[in-house]
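[1] quick one, fold the following:
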Amino acid sequence: MRYFKIPFVVEEEEKIFGGYISLRQAMYLFLCMLGIRAFWFPFPFVINLIMFMVFAGVMISFAFLKIDGMYFDAYAVTVLKYYTRQRRYTYGEDR
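    Reported below is the predicted structural model:
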């Protein structure tokens, strides 16, 4: 029996929107657009602009930035888990 290789990439997300953007990336970009309205506080324009730029930068980083082959949102969760978990140090104890 002959076997044929099926071209299927498991490591990448499926690009749904136009073949360029995955569902996860589209959600972060949608949240970034919602941030325009969320940061419409009664503060001066410069403060609103700075708060939105920081929020938009984080959302765009979550959507597109990769660190060591891992998207930034998963990387941030991993770093947060590392710093918040309880560490147990044992010296001289064999497992």
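
[2] which residues of this structure fall in strands?
    According to DSSP state E, the chain carries its strands in the segments 15-17, 21-22, 66-67, 70-71.

[3] would you turn these into a markdown table with mean pLDDT?
    A markdown table is the format used below for these (pLDDT from 0 to 100):
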| stretch | mean pLDDT |
| --- | --- |
| strand 15-17 | 81 |
| strand 21-22 | 88 |
| strand 66-67 | 90 |
| strand 70-71 | 88 |
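
[4] among those strands, which is nearest F52?
    Across those, F52 has its closest neighbour in strand 21-22 (21.4 Å, Cβ to Cβ). Glycine gets a C-beta too; all of them are placed from N, C-alpha and C.

[5] so what touches the closest one?
    Strand 21-22 is contacted by residues 13-16, 29 when judged by Cβ atoms under 8 Å, 6 or more residues apart in numbering.

[6] longest helix anywhere in this protein?
    Longest helix of the chain, by residue count under DSSP state H: helix 45-64.

[7] go through it and flag the buried ones.
    52, 55-56, 58-59, 61-63 (16 or more other Cβ atoms under 10 Å).

[8] got those as TSV, with distance to G35 and pLDDT columns?
    Below are the buried residues of helix 45-64 laid out as TSV (distance: Cβ to Cβ, whole Å; pLDDT from 0 to 100):
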residue	distance to G35	pLDDT
F52	6	86
F55	5	88
A56	6	88
V58	9	91
M59	7	90
S61	13	92
F62	12	91
A63	13	89
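
[9] shaky segments in the protein?
    Counting by pLDDT under 70, the chain contains low-confidence residues at 9-10, 93-95.

[10] which residue is nearest the centroid of it?
    D73 (2.5 Å; Cα atoms, centre = their mean).

[11] for the closest residue in space to it that isn't next to it in sequence, what are its contacts?
    Of all residues not flanking D73 in the chain, F62 sits nearest, at 4.3 Å (Cβ to Cβ, 6 or more residues apart in numbering). By Cβ under 8 Å, 6+ apart, the residues touching F62 are 28, 71-73, 76.

[12] for I67, same thing?
    By Cβ under 8 Å, 6+ apart, the neighbours of I67 are Y75.

[13] what about it, distance to A74?
    9 Å (Cβ to Cβ, to the nearest Å).
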